[in-house]
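A.B. asks: Fold the following and give me the result.
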Amino acid sequence: MGKFTKVLGAAALAVGFVMPTVVMAQCDTWTTSTIRNCNGIDYELWNQNNRGTVSMRITGSSTSANGGSFTAEWRNTENILFRSGKKWGANSTQNHTQIGNMTLEFDATWSSNDNVKMLGVYGWAYFTQSRIPTRDENGTSRSYSNQIEYYIIQERGSFNPASGGTNAKQYGTGTIDGITYQFWVADRINQPMLTGNGNFKQFFSVPASTGSHRTSGTINVTAHFNAWHALGMYMDGPLYEVAMKVESYTGSSANSQGSATVRKSLLTIGGTTQPGQVYLTTVASPSIGGTVTPANTTNHAQNANVQVSATAASGWRFTGWSGASTSTASPVSVSMGTTDKTVTANFVPTADGTTNLIKDGNFPGTSLSSNWSLGQGTGWGGSAATASVSGGNATINITTTGSNPWEPQLTQSGVELIKGMNYRLTFTARAAAARTIQTQFGQSVDPWDTYSEKNHSLTTADQTYTHEFKMEADSDPATQFAFNMGQSTDNVTISNVRLIYILNLTTNIYQNNLAPAAKSISGLRVRAQSGSAVNVNFTAAGSGEAVLKLYSLKGDCVSTTRMQTVAGKNYTYAFNQKKLSNGFYIVKLNSGGKVERSRVMVQR
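C.D. replies: Predicted coordinates for the structure are as follows:
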């Protein structure tokens, strides 16, 4: 993994702010780091720290049937890369859809004695403002730039840069150009990028099998971008560049050598689809409910009829299709026409689940795995805590708490919750002294809406606790689960965390979340306005953040809002009633460290 950090850092330096020797007079053979447009092709040679000897001979042009061809040799280098393609640059305003369909035909022969090496498509792109990430792939809160470094790997060495990246997370798989690829995202923290050092995301397509490696063929670049975007690897921002790249890294200048002949690197741009090709994306909902054949994204001839079948997993039943088909039969034929299609196989459980939806709930090893994240510090109200793991137990040692229940918190993101399904969370816990903790399911991004939460009273002895709820909100494949421990500095020990889906709820958590307050402390007033809103009026009991939550009588939190308030001032908020079913609801107000509840009836 250490080597990978240097490889990708070098690539970023090459594009971003390294000052290469620019040869202005000719486009023949380069022997030092050079970036230049030659014969209508954007070429680059980059030699980290100018180690060893290197040459890159430019043989292509934009008018050639072979595009940006070149030959290269290197010896005793530290990290070397060569690439040719098209740069729109930092002032680009067009995303890949606006630019048009892109394919890259290539034919290369190369060899290197390094184990960290790559042949494939490479480039940079930008997130749109609303999609700039705010979290690491493991769920830790962090600010990111709008820059994306991406790879579509065709052949690599023994090191897999996709799975070996920092916080690497696989988003899915797909079949493109007859090759099954894995799609990964990794984090780059304070590393070189286009505008100096910073935090940015890396996107990868890498063949799932080394047997699918190739050194010639056609890469449907647009298909990779579309597949990424459909999985949440967003590619709707401006595109910086697309290039064919050869890279080889050894980490030292001793004994490194290699050569490459790229006979063809022809980038074709234009149109909205590859001629004669359209793409079918298949989805299983929920993902644990079964499988779909063909899986993920596959390309087909226009107007083709594609047979798609659904297979339910044990304990599940297939109920029908949505999207490109609404049939209840399996298999079913999907008519592709001339546009890309998506079809979803829907499954429902026939028995309580057995698969734990929480990863590493048994806390293996001697430290928190990458699936868990401890939130504390400046982003969590100045709270301070550490975590230790031993014998399947995770102990959270708390020295300082913030003013909110989630300061600090132990979290796991990427938990898939499906609208309308029931869930049961169980865990074992104890504390250094009697205290309360909270379990919470909600959005992993702003506005951090809560789907369900429950308070648990811990003792000094291990006990098993349960939290059941129904997912009332829209399905969320990236739900954040949290143990909120801001109520006390008494240490907490947790083990055997398990989340399963269940057919029916067996507990009533009204008493935990919805019991009426003994005495009014804020003049909380709630009324339902016919057909539009549940209006809430209150006087802030303290300055700072006030939290309003709306619960069904089953105890499910169906809406959350947070407001900055000043003690003694009056405030009004309206919950959208159109999203609610008829019945009774409880409004819960947390203001100034005090809690008040009021009941309201919704009838539309």
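A.B. asks: Leaving out chain neighbours, which residue sits closest to Tyr151?
C.D. replies: Leaving aside its chain neighbours, Tyr151 sits nearest to Phe204 (5.0 Å; criterion: CB to CB, 6 or more residues apart in numbering). For the C-beta atoms, the positions are set from N, CA and C on the backbone; glycine is no exception.
A.B. asks: Kindly report the same for Val415.
C.D. replies: Thr479 (4.4 Å).
A.B. asks: Check Ser457 too.
C.D. replies: Ser457 sits nearest to Thr436 (CB to CB, 6+ apart), 5.6 Å away.
A.B. asks: cool, Gly198 as well?
C.D. replies: Per CB to CB, 6+ apart, closest to Gly198 is Ser145, 4.7 Å.
A.B. asks: my hunch is that that neighbour is in a strand, does that hold up?
C.D. replies: No. If the criterion is DSSP: H, G, I helix; E, B strand; the rest coil, then Ser145 is coil and not within a strand.
A.B. asks: Can you name every helix or strand that whichever strand or helix holds Asn397 contacts?
C.D. replies: If you go by DSSP states H and E, Asn397 is part of strand 393-400. Counting contacts by 3 or more CB pairs under 8 Å, 6 or more residues apart in numbering; DSSP states H and E, strand 393-400 packs against strand 384-390, strand 492-502.
A.B. asks: neighbouring strands for that strand, and are they parallel or not?
C.D. replies: Using DSSP bridges, the strands paired with strand 393-400 are strand 384-390 (antiparallel), strand 492-502 (antiparallel).
A.B. asks: Please determine how far Gly544 is located from Val566.
C.D. replies: 9 Å (CB to CB, to the nearest Å).
A.B. asks: re the thing from before, any idea which of the helices and strands packed on strand 393-400 gets closest to Trp184?
C.D. replies: Nearest to Trp184 among these is strand 492-502; the distance by CB to CB comes to 24.9 Å.
A.B. asks: From the chain's centroid, how far away is the closest one?
C.D. replies: A distance of 23 Å separates the centroid of the chain from that of strand 492-502, by CA atoms, centre = their mean, to the nearest Å.
A.B. asks: The chain should start at 47 in everything you say after this.
C.D. replies: Yes, from this point I'll number from 47; that puts the last item at strand 538-548.
A.B. asks: Neighbours of Cys73, how many?
C.D. replies: Cys73: 19 surrounding residues under other CB atoms under 10 Å.
A.B. asks: Name all residues that make contact with the nearest residue to it once chain neighbours are set aside.
C.D. replies: The shortest distance from Cys73 to any non-neighbouring residue, by CB to CB, 6+ apart, is to Cys84 (3.4 Å). Residues in contact with Cys84 (CB atoms under 8 Å, 6 or more residues apart in numbering) are Cys73, Ile104, Gly106, Ser107.
A.B. asks: Which one of these is nearest to Gln458?
C.D. replies: Gly106 (49.2 Å).
A.B. asks: pretty sure that closest one is touching Asn85, no?
C.D. replies: Yes. Between Gly106 and Asn85 there is a contact under CB atoms under 8 Å: 6.8 Å.
A.B. asks: Quickly list what Thr585 is bridged to.
C.D. replies: Asn616.
A.B. asks: Find me the pLDDT at it, would you?
C.D. replies: With respect to pLDDT, Thr585 scores 84.
A.B. asks: Settle it for me: which of Gly106 and Asn85 has more neighbours?
C.D. replies: For Gly106 versus Asn85, neighbours defined as other CB under 10 Å are more numerous around Gly106 (24 against 14).
A.B. asks: What is the three-state secondary structure of the more buried one?
C.D. replies: coil.
A.B. asks: do you know how far the residue nearest to Cys73 is from Lys215?
C.D. replies: 38 Å.
A.B. asks: between Gly590 and Val612, what contacts are shared?
C.D. replies: Counting by CB under 8 Å, 6+ apart, nothing touches both Gly590 and Val612.
A.B. asks: Run through who's touching stretch 394-414.
C.D. replies: Taking CB under 8 Å, 6+ apart as the rule, stretch 394-414 contacts 334-335, 361-363, 365, 415, 417-418, 420, 433-436, 438-440, 458, 460-462, 467, 469-470, 473, 527, 540-549.
A.B. asks: List only buried entries from those residues.
C.D. replies: In the contacts of stretch 394-414, burial by neighbour count holds for 334-335, 361-362, 417-418, 420, 433, 435, 439-440, 458, 460-462, 467, 469-470, 473, 527, 540-548, counting by 16 or more other CB atoms under 10 Å.
A.B. asks: Okay, helices next: where are they in the stretch 97-246 of the chain?
C.D. replies: 142-145 (DSSP state H, counting those that start in this stretch).
A.B. asks: Trp274 is in what secondary structure piece?
C.D. replies: Per DSSP H and E: helix 267-276 holds Trp274.
A.B. asks: Tell me which helix or strand comes right after that helix.
C.D. replies: Following helix 267-276 in sequence, per DSSP H and E, is strand 287-295.
A.B. asks: now the angle from the helix holding Trp274 to strand 287-295?
C.D. replies: Interaxial angle of helix 267-276 relative to strand 287-295 (axes from the mean of the first three to the mean of the last three CA atoms, to 10 degrees): 90 degrees.
A.B. asks: Sounds good, over and out.
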